[in-house]
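Enquirer: would you be able to build a 3D model of this:
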Amino acid sequence: MSMPSPANDLATAGKWLEQNPALIEQWLKEHASQELRQRVHQAVLQPPANTNTRRTSITSDLFQLWLAASPANNDKNVKSVYPVKDLDSLEESELFMELIRDVANELDINVLSHKILKNVSILTHADRGSLFLARGPPEDRYLVAKLFDVQHDTSLEEAVKLARSEEIRIPFGVGIAGTVAHTKTFINIKDAYKDPRFSSEMDRKTGYRTNLVLCMPICNYEGDVIGVAQIINKTNESKEFTPHDVEVFKRYLTFCGIGIQNAQLFEISVLEYKRNQILLNLARSIFEEQNNLECLVTKIMREAQDLLKCERCAVYLLDLDCCEANHLERIIERPGKTVQRHAPLNRVESGTVNVEDMRESGMRKPTSFTTIFELREGGTKTLVSRPSCFDLACSTLAQIAGYAASTGQILNIGDVKAWLTQKHSEGDAESARTILCMPIINGQRTLIGVAQLINKETGSPFTDCDVSLFEAFAIFCGLGIHNTQMYENACKLMAKQKVALECLSYHATASNDATEMLVKENIPSAGNFNLYSFTFIDFELNDVETCKATIRMFLECNLVQQFHIPYDVLCRWVLSVKKNYRPVKYHNWRHALNVTQTMFAMFKTGKMDRFMSDLEMLGLLVACLCHDLDHRGTNNAFQTKTESPLAILYSTSTMEHHHFDQCVMILNTDSNNIFQALSPEDYRKVMKLVETAILSTDLAMYFKKRNKFLELIDNGEFDWQSDDKKELLSGMMMTACDVSAIAKPWEVQHRVAKLVADEFFDQGDLEKMQLKEQPIAMMDRERKDELPQMQVGFIDVICLPLYRVLSDTFPWVKPLYQGTLENRQNWQDLAEKVEMGLTWIDHDTIDKPVEAFTEITLKPKPTHTIIIEGNIGSGKTTFLETITKKLEHCEIFPEPVDVWQNYKGKNLLDLMYKNPKKYCYKFQKCVIKTMVEQHNKITDKRIKLMERSLFSARYCFIENNYQNNMLTKKEYQHLNEKIEENSKSIKCELIIYLRTSPNVVLDRIKARKRDGEEEISIEYLTKLHELHEKWLCETSVHRPAPVLIINGNLGKDEIIKEYIKFRRYTEETLKIL
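Expert: Numbering: from 1, shown residues only. Model prediction:
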């Protein structure tokens, strides 16, 4: 039976694959190596060649062609320019040039060497030849036979196979070729057997008789020997290589030297490319496999075998379990803390290492390898062993690896048998011929193991190129193994963390007994705790009462019933939150209670609940109660300076993130989840709200968001229903509640300030002791007398701007603003006393009360306010200027028109007249704000004369705007509510009404030609006149003070006469002139 030909097999397989194309892809995925898949990918993407012309430049196409397959397998690279029989007919000079052209463009070193030897044989009529290339460092140079014993009919494949079957290495200075390389001079021998440098070993093997030898050095352009060419015997029955042969040989090799160097450079570039591809594939493989150490090491060893063509590969991993206690510290260590530069590993040849020294070193300090992975030639499965100390001591290979680990050096043993002495048995190294050991280090330059390669497939020792490549290979291996070990350690630590969290949750949760007791307790009313007031004080409450007050707030908001919170769960949660506050001096449970109560008061008394849904009220109360959970009495800056684990976990808002995490931990523990009845969507919303609200208590976040909030307020925003606006408002409310102690009654504020300062001073002491740093003033105990002035600064920068804008927009929270103003004055008084040299405190713990303020025995005479009202152009300014010349002890407070005309860079008055629909609401808000400021201004005069008031703004101008549809109903109500809230504290003893007809005021307006008044119509003035009449003349309308009516239609002189009425009325009414 005849065997089928390969061509038939290929055709049959091709037809079958055409019918089953899916199997090709499946086989490539499941069985093909990464390298094969890449070659297939390159072959598919390779564009078809457009020309067969050879080129000398190394283009991408040519480079890929050389990488895809060896040119030695391509017949066109082996053939000479002409057949030998045609070359014989050429003249010598023509022949010489043709043979130079034959090798000029050749870049494959094997093909080039083969052509050189065949062409030299043609030129010199030599029978056969050999080519040796120089290798090794300058101090240890040697020759390696690239092609050996090549005859005119020897094919390239046969020559390469013969050279690779057995490596011939000749040191410089040894033998004929070595002497030529060393001396750089040629040798021409007529009888080889009479020359002592000749070795007849090859003749004995082949039966060939060597007579003539001509050996010539090949040098590069710098004159260094890069190889040696040797030709043997003549084919034309000549008895010697003539001087002409020597000259031709020498001339031809001069050109060949250039070609050899170019081919070597190209070979190096090809090897570098392949090396980079292999390392890239390795990096991809090891970083894809990071959850199983055995799979990773198996990949590494297979790549190493393919890379360096060795028979066996082993990886020894060191015992790192002793450092397990430090794994967490290494994982959370701040990256980039120190940057070190490391020198490459030292290389040690076997000749410089004594076996006795190696064994003694292993006995003195044995290397603890916990795991050994071994992959043998052709093996598909990794052998994994965990050797004992006895196993390691009996293993020669393990001792060699241990020596590399203990010294941190690369160990390259070229001849194992010769290296091991007769005193020592080879043991498990019996089959080893060559060994290369490489330490494996991680990114921190810590030794984690040793990689060991045994026996190159060619039988030759590992070269310097092998060592360099393996060293780069080991770096990637170290990173991969280290990452996998860290992943395994991280998994262990996560398991430990889970156990620790379970223990922590148990101890952090309130006990059943405490919960049952609180459930049975009666919860007093909100009025009993004064919860609705902004002046709430917790000093008189015991711990149980603080919990009751907290529960009462949730009950009062109807949140327990609304969201089906089990009462026992609420009680347990409150107790658990209280338990998780540390006993620091200020940021403790009572601070959380006060912040929560202020939020409750803002909802109920400040009427902020109209802007929030029930779910949002629940989230904000929870956020307030949990906003400082597990506070350590130190701020974010201290966490960063000390590089605490918290600072590494959270780079910004460090403590605030931690507070939220503690809040989540408590909610996730058994019987503590007050959100358990919420739908998934509501649960997501409320948790998001709690997180953003807690993070908003970081003052850094407040400063980032404040400008945006102020911009919305300035633009007249009153509809806070969109998600972004509501989140911004919630953040401002959280900050307002967090610093609300600044608005408490002076006795409370003074006491709380001492607690805050004492906590800050404790941090300052820690900074001095631990960090050796001088703390900032507010944390420096030695500068405690500056606390009053620092409090004034805190109020001016943070508290007053926030409370002012909140009270302007939401007038029902004005007590926060007023309380802060009063406390600022008190702190300012203390600061002035300090400046006068009076210390306000002489105790480190700041626990003594402040000195009483000096009482002023003489009470100043009260100031009386008189308001001048009237239509636009009624003569108010003229009247005020006239009477102030006649009256003493008077100060005029004119209408703040200049402020309206330049309010934050805008002329609101002019804009309102030109586009009332757009700017009316914003202008009236500005009027209210500035008129309140006018009412509150203090004068040392007896009489305060005001041009217009908050009341005329309400009853005349805002009313007129609303009736003319310039204000919406919602805007109208909001403006009236603001005026109502602010007018309660305004005092007025007399209103003077300049009663002027609309026609007269229109003429006066035209005559004075003020900016912005060009658009005023008679209809507008008439309507305003009617509203003034209704407000100031009808008895049914409530007025804040008696009204004196003066005829404003009169001229200036007549008005002076009317002034007499004014004076008499004033004397009778006020009795002060």
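
Enquirer: and this structure, what are its domains?
Expert: 77-273, 289-332+342-490, 509-718, 739-855, 864-1070 (automatic domain parsing).

Enquirer: show me where the stretch 901-1050 of the chain has helices.
Expert: Here the stretch 901-1050 of the chain has its helices, by DSSP state H, counting those that start in this stretch, at 908-914, 916-936, 950-952, 959-963, 969-983, 998-1008, 1018-1033.

Enquirer: tell me which of these sits most buried.
Expert: helix 950-952 (a mean of 24; mean count of other Cβ atoms under 10 Å). Glycine gets a C-beta too; all of them are placed from N, C-alpha and C.

Enquirer: and stretch 564-584, what's buried?
Expert: Neighbour counts over stretch 564-584 (16 or more other Cβ atoms under 10 Å) mark 565, 569-578, 580-581, 584 as buried.

Enquirer: can you give me every residue that contacts Phe675?
Expert: When contacts are counted by Cβ atoms under 8 Å, 6 or more residues apart in numbering, Phe675 is found next to Phe563, Leu667, Tyr683, Val686, Met687.

Enquirer: buried ones only from the residues you listed, please, as a PyMOL command.
Expert: Provided next is the PyMOL selection string for whichever of the contacts of Phe675 are buried by 16+ other Cβ under 10 Å:
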select buried, resi 563+667+686+687
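
Enquirer: lowest pLDDT pick from the contacts of Phe675?
Expert: Across the contacts of Phe675, no position has a lower pLDDT than Leu667, which has 92.

Enquirer: name the helix or strand for it, please.
Expert: helix 654-668 (DSSP states H and E).

Enquirer: list the buried residues in that helix.
Expert: Quick answer for helix 654-668 (16+ other Cβ under 10 Å): 654-663, 665-667.

Enquirer: what's the answer for stretch 154-174, then?
Expert: Thr154, Leu156, Ala159, Val160, Ala163, Ile170, Phe172, Val174.

Enquirer: same question for stretch 393-406.
Expert: For stretch 393-406, by 16+ other Cβ under 10 Å, it's Ser395, Thr396, Leu397, Ala398, Gln399, Ile400, Ala401, Gly402, Tyr403, Ala404, Ala405, Ser406.

Enquirer: go on, stretch 736-753?
Expert: 736-744, 748-753.

Enquirer: and stretch 188-206, by the same measure?
Expert: Buried, per 16+ other Cβ under 10 Å, within stretch 188-206: Asn188, Ile189, Ala192, Arg197, Phe198.

Enquirer: strands - which of the residues you listed land there?
Expert: Asn188, Ile189 (DSSP state E).

Enquirer: quick one: which of the buried residues of stretch 188-206 is nearest Glu773?
Expert: Closest approach to Glu773 among those (Cβ to Cβ): Arg197, at 79.0 Å.

Enquirer: now that closest one: closest residue in space that isn't a chain neighbour?
Expert: Nearest residue to Arg197, sequence neighbours excluded (Cβ to Cβ, 6 or more residues apart in numbering): Ile176, at 4.8 Å.

Enquirer: tell me the secondary structure at that neighbour.
Expert: helix (DSSP: H, G, I helix; E, B strand; the rest coil).

Enquirer: equivalent analysis for Leu453, please.
Expert: Quick answer, by three-state DSSP: Leu453 is strand.

Enquirer: what's opposite it in the beta bridge?
Expert: Taking DSSP bridges as the rule, Leu453 bridges to Cys313, Leu436.

Enquirer: burial of it, as a residue count?
Expert: For Leu453, the count of nearby residues is 26 (other Cβ atoms under 10 Å).

Enquirer: so who does it touch?
Expert: Residues counted as contacts of Leu453 (Cβ under 8 Å, 6+ apart) are Ala304, Leu308, Cys310, Arg312, Cys313, Ile435, Leu436, Met438, Phe462, Phe470.

Enquirer: low-scoring stretches of the stretch 451-600 of the chain, by residue?
Expert: 502-503, 505-506 (pLDDT under 70).

Enquirer: what does the stretch 101-250 of the chain give?
Expert: For the stretch 101-250 of the chain, counting by pLDDT under 70, not a single residue falls below.

Enquirer: again, only using 90
Expert: 101-125, 135-141, 144-170, 192, 196, 198-209, 220-224, 234-240, 244-245, 248-250 (pLDDT under 90).

Enquirer: ok, now the stretch 301-450 of the chain?
Expert: Using pLDDT under 90, the flagged stretches of the stretch 301-450 of the chain are 301-312, 317-434, 438, 440-448.

Enquirer: mind listing the strands in the stretch 751-900 of the chain by residue range?
Expert: 864-870, 890-893 (DSSP state E, counting those that start in this stretch).

Enquirer: rank the ones you listed by pLDDT, which is bottom?
Expert: Sorting the strands of the stretch 751-900 of the chain by mean pLDDT places strand 890-893 lowest, at a mean of 87.

Enquirer: helices or strands up against it?
Expert: The contact analysis (3 or more Cβ pairs under 8 Å, 6 or more residues apart in numbering; DSSP states H and E) places strand 890-893 against helix 876-886, strand 943-947.

Enquirer: out of those, which is the most enclosed?
Expert: Mean neighbour count (mean count of other Cβ under 10 Å) peaks for strand 943-947 among the helices and strands packed on strand 890-893, with a mean of 22.

Enquirer: which parts of the stretch 501-650 of the chain are helices?
Expert: In the stretch 501-650 of the chain, the helices defined using DSSP H, counting those that start in this stretch lie at 512-520, 526-529, 543-556, 559-562, 567-579, 589-604, 614-626, 636-641, 645-649.

Enquirer: now render the domains of the chain as TSV, adding distance to Gln497.
Expert: Shown next, in TSV, are those (distance: least, Cβ to Cβ, whole Å):
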stretch	distance to Gln497
domain 77-273	46
domain 289-332+342-490	9
domain 509-718	12
domain 739-855	27
domain 864-1070	52
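
Enquirer: and of these, who's closest to Leu28?
Expert: domain 289-332+342-490 (17.3 Å).
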